[in-house]
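# Give me a model of this one.
(chains A, B, C and D)
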Number of protein chains: 2
Amino acid sequence: MAEPARTISVEWGSLERRVRSALIGHGSELTPLRLRVLRALFDAHQPVGAYDLSERVGGEVGGRRIAANSIYRILLLFTELGVVRRVESRNAYVVARDGDAGSDVFFLCDGCGAVTAIDQPQLAALLTIQASALGFHPHHQVVEVAGQCRSCAKTLTKDQS
Amino acid sequence: MAEPARTISVEWGSLERRVRSALIGHGSELTPLRLRVLRALFDAHQPVGAYDLSERVGGEVGGRRIAANSIYRILLLFTELGVVRRVESRNAYVVARDGDAGSDVFFLCDGCGAVTAIDQPQLAALLTIQASALGFHPHHQVVEVAGQCRSCAKTLTKDQS
DNA sequence: ATCGGGTATGATATACTGTTACGTTTTCTG
DNA sequence: CAGAAAACGTAACAGTATATCATACCCGAT
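Numbers count the residues shown, from 1 in each chain, chains lettered A, B, ... in the order given. Have a look, this model is predicted:
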């Protein structure tokens, strides 16, 4: 098993500021629970499921369990604000890159679970063109590629030799 | 609500032949249950969940319920053979277009549920290039666009006027 | 101060999705 | 026919998501 690579480049400080202002602009605020959820997601550096997140957040506070419910509500809020993205092929969630307009491509490593998010405007453009040709009005896109990251691929090759 | 559009262009006869030979090449066969699952999926003309499928297939035979288990096994087999694709953002399954090499783009209508699958080699190429640049070895890609199809978009516009 | 409203969270239940383990039936084949 | 392998069933369970109702808290108006 290769070591998880840190792949989503987000600074905690700027993330917190960004989320706080997004929430305020939305008429809400960055409550302690929301902050803890955001932090747990940030610390994971990879997609985390809602229930896993619930345990992580609860664990911080002396094992007190957080209602799955609340986690989902917070995840919904965060995704609506664009600060968190759902990884469809994993049923999990990650912190969005700063500047991610919702058209990022996710490269997901089966080995270490790391996710690399990149902006790919040409790809988004292709999809838009294709959609127009179909008379289709897109409002959300999912582009996810599963495979092995560089280090996991190396490890695998050695193992097989 | 607009009428569901028929979007996946597959002829039943050729589909059955294709699946049968794929199964035989795999050392299996097209059993009655597998045939009924395939048919139900074909008739739906849109993504269908596993449990929904279970009911549809069971309903044909006097309400006898088909084990979710068997449905999943068959779906797994079909997806391995490439005759069925999983729609990640819907937790559902559709018959693959003939010639779909696994790199199709799905346009999913939120209104009528219809799915339009198209081949988009340029897009696959873009993803491959990007993967190489990252040292990433892809083995599976998911490209799904949610939105409104032509007719549902029209209906919506009228409703709003 | 307290009443009322809104926001946030909890508690509980339930639905939906997917997997595992094991047993039975069928079919093929020697 | 015996044995093996494939196909399917049954049951239990794990994981993911939502619905509903109750509660805590803040804050402004009375």
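# Other residues contacting the helix or strand harbouring A:Arg18?
Here A:Arg18 sits within helix A:12-25, counting by DSSP states H and E. With Cβ atoms under 8 Å, 6 or more residues apart in numbering or on different chains as the test, helix A:12-25 has contacts from A:29-30, A:34-35, A:38-39, A:42, A:77-78, A:81-83, A:95, A:98. (Each C-beta comes from the backbone N, C-alpha and C, glycine too.)
# Give me the buried positions along the next helix or strand after that helix.
The first helix or strand that comes after helix A:12-25 along the chain, using DSSP H and E, is helix A:32-44. For helix A:32-44, burial by neighbour count (16 or more other Cβ atoms under 10 Å in any protein chain shown) applies to A:Leu33, A:Arg34, A:Leu35, A:Arg36, A:Val37, A:Leu38, A:Arg39, A:Ala40, A:Leu41, A:Phe42, A:Ala44.
# Tell me the one of these nearest A:Glu88?
Nearest to A:Glu88, judged by Cβ to Cβ, of the buried residues of helix A:32-44 is A:Leu41 at 16.6 Å.
# Hmm, A:Phe78 is touching A:Ala40, no?
No: if you go by Cβ atoms under 8 Å, A:Phe78 and A:Ala40 don't touch, sitting 11.9 Å apart.
# Distance to B:Phe136 added to the buried residues of helix A:32-44, as CSV?
Output for these, formatted as CSV (distance: Cβ to Cβ, whole Å):
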residue, distance to B:Phe136
A:Leu33, 35
A:Arg34, 33
A:Leu35, 33
A:Arg36, 32
A:Val37, 29
A:Leu38, 27
A:Arg39, 28
A:Ala40, 26
A:Leu41, 23
A:Phe42, 23
A:Ala44, 20
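# Also within reach of DNA strand C: list those from those.
A:Leu33, A:Arg34 (Cβ under 7 Å from any atom of the strand).
# nearest to A:Pro138, of the buried residues of helix A:32-44?
For these, the residue nearest A:Pro138 by Cβ to Cβ is A:Leu41; the value is 26.4 Å.
# Could I get the buried residues of helix A:32-44 in JSON lines, plus columns for pLDDT and distance to chain B?
Output for these, formatted as JSON lines (pLDDT from 0 to 100; distance: Cβ to the nearest Cβ, whole Å):
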{"residue": "A:Leu33", "pLDDT": "91", "distance to chain B": "27"}
{"residue": "A:Arg34", "pLDDT": "94", "distance to chain B": "25"}
{"residue": "A:Leu35", "pLDDT": "93", "distance to chain B": "29"}
{"residue": "A:Arg36", "pLDDT": "93", "distance to chain B": "28"}
{"residue": "A:Val37", "pLDDT": "94", "distance to chain B": "23"}
{"residue": "A:Leu38", "pLDDT": "95", "distance to chain B": "24"}
{"residue": "A:Arg39", "pLDDT": "94", "distance to chain B": "27"}
{"residue": "A:Ala40", "pLDDT": "93", "distance to chain B": "24"}
{"residue": "A:Leu41", "pLDDT": "94", "distance to chain B": "20"}
{"residue": "A:Phe42", "pLDDT": "94", "distance to chain B": "22"}
{"residue": "A:Ala44", "pLDDT": "91", "distance to chain B": "20"}
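# Go through the buried residues of helix A:32-44 and say which is closest to B:Ile118.
Closest to B:Ile118, out of all of the buried residues of helix A:32-44 and judged by Cβ to Cβ, is A:Leu41, at 34.1 Å.
# rewinding a little: quick one, the helix holding A:Arg18 and helix A:32-44 angle?
140 degrees (axes from the mean of the first three to the mean of the last three Cα atoms, to 10 degrees).
# so where's chain A shaky on pLDDT?
Along chain A, the model assigns pLDDT under 70 to residues A:1-10, A:60-64, A:156-161.
# any chance you could map the helices in chain A?
All helices of chain A, identified by DSSP state H, fall at A:12-25, A:32-44, A:50-60, A:68-81, A:121-134, A:150-160.
# could you dump the second one to PDB, C-alpha only?
Extracted C-alpha coordinates of helix A:32-44, given in PDB (Å, rounded to 0.1, in the frame of the first residue of the first chain):
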ATOM      1  CA  PRO A  32     -18.900  25.000  15.600                       C
ATOM      2  CA  LEU A  33     -20.300  21.800  14.100                       C
ATOM      3  CA  ARG A  34     -19.900  23.000  10.600                       C
ATOM      4  CA  LEU A  35     -16.400  24.100  11.300                       C
ATOM      5  CA  ARG A  36     -15.600  20.600  12.700                       C
ATOM      6  CA  VAL A  37     -17.100  18.900   9.700                       C
ATOM      7  CA  LEU A  38     -15.100  21.100   7.300                       C
ATOM      8  CA  ARG A  39     -11.900  20.500   9.300                       C
ATOM      9  CA  ALA A  40     -12.400  16.800   9.300                       C
ATOM     10  CA  LEU A  41     -13.000  16.800   5.600                       C
ATOM     11  CA  PHE A  42      -9.900  19.000   5.100                       C
ATOM     12  CA  ASP A  43      -7.700  16.800   7.300                       C
ATOM     13  CA  ALA A  44      -8.700  13.700   5.400                       C
END
